[in-house]
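1. Here's a sequence, model it:
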Amino acid sequence: MRFLVTGSAGFIGFHLCRRLIALGHMVDGLDGMTDYYDPALKRARHAVLSTTNQFRAHEAMLEDMEALTRVIGEARPDIVVHLAAQAGVRYSIEEPRSYVSANVVGTFNLLEALRAAPASHLMLASTSSVYGANAMPFSEADRTDHPLSFYAATKKATEAMAHSYAHLFNQPVTVMRFFTVYGPWGRPDMALFKFTRNILAGEPIDIFNNGRMQRDFTYVDDAVEGIVRLAELAPAAAEPQAEPAGSPAAPFRVVNIAGGAPVELDAYISAIEAATGRTAIRNELPMPAGEPQATLAATGELERLTGFRPRTPVETGVRAFVDWYRDFYRV
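-> Here you go, the predicted structure:
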């Protein structure tokens, strides 16, 4: 099959493209190579993917409708996996306009471009952050009316826009709500990267709320496995009411991708200390604005649809990241 992956030089996008190539698919990757974090890491990911003729790299911003239309015309994708976004809860407090531009305008442009060249399945990346102030475990059938960050608000907006296009133009859509994905080639703005870098350098790490925050961590290979399995299951217009996380009006569904087993931040740090052989120097800080105290996913829908649930232990995933980090940065 032919895939278009937006955000292909990003963390999850890179791993997904590599897996799709291994499965024998043709993949076009689109990435804007923004400087939110070091573009050299993004280019290194694309360089790995570009060693095969099954992958074609395109550098363009989703905000550029002309370029986006050209890429879709060249790729002629059966399935589009839309991972490109401006990520980060805390950064959305500092630079909210970039989230409107990348997440809202960029997703709108993609939806419009697919009106002219429909895909058999549009897979839209969302986030556990949309659940906001909801009670846990977070279920796909929950209302998401109380986002705690502007990042979450823009991702909720993309879900709503995608639903309207699914209804109006019969574009099958699966929304994937990811829960704290981590692993090799991860983003430098995420805790695992920061903690590993500072611990190996003998520098302090910032620990919020005395390490009492909890996250439903998802190892990146598990997240990719969920995407690949869901890719073959485009929702049909005749099915939506039969699915608790579907829609009564469109070929549209929402699926959590998570392990359903939250880990306390202190335990996460302990796993990094074990993998690095170093003890962290702790800089204790209060809880930051916009961050939830804990996340916990209901995982029944992913398992019902695909027979799969992420199960990689945090200790295993953290060690894989530390091994990659040491090799990539020669430390």
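2. show me where pLDDT drops low in this structure?
-> Scanning the chain for pLDDT under 70 picks out the ranges 237-244, 290.
3. which residues of it fall in strands?
-> 2-6, 26-31, 55-59, 79-82, 121-127, 173-178, 181-182, 204-208, 214-215, 218-219, 252-257, 263-264, 281-285 (DSSP state E).
4. Only the buried residues of the third one, if you could.
-> Spelled out, that is strand 55-59. For strand 55-59, the neighbour count (16 or more other CB atoms under 10 Å) marks 55, 56, 57, 58 as buried. (C-beta placed from N, C-alpha, C; glycine too.)
5. what bridges to residue 30?
-> For residue 30, the beta-bridge partners under DSSP bridges are residue 6, residue 58.
6. May I see the strands of the chain organised as a markdown table, with distance to residue 114 added?
-> Shown next, in a markdown table, are the strands of the chain (distance: least, CB to CB, whole Å):
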| stretch | distance to residue 114 |
| --- | --- |
| strand 2-6 | 10 |
| strand 26-31 | 13 |
| strand 55-59 | 16 |
| strand 79-82 | 7 |
| strand 121-127 | 6 |
| strand 173-178 | 10 |
| strand 181-182 | 25 |
| strand 204-208 | 39 |
| strand 214-215 | 33 |
| strand 218-219 | 27 |
| strand 252-257 | 14 |
| strand 263-264 | 37 |
| strand 281-285 | 43 |
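7. Can you say which of these is nearest to residue 158?
-> Proximity to residue 158, assessed across those by CB to CB, is greatest for strand 121-127 (6.4 Å).
8. Show me what the closest one packs onto, helices and strands only.
-> strand 79-82, helix 106-116, helix 150-169, strand 173-178, helix 220-231 (3 or more CB pairs under 8 Å, 6 or more residues apart in numbering; DSSP states H and E).
9. which one of the ones you listed is the most hemmed in?
-> Between the helices and strands packed on strand 121-127, strand 79-82 has the highest mean count of neighbours, a mean of 27, where neighbours are mean count of other CB atoms under 10 Å.
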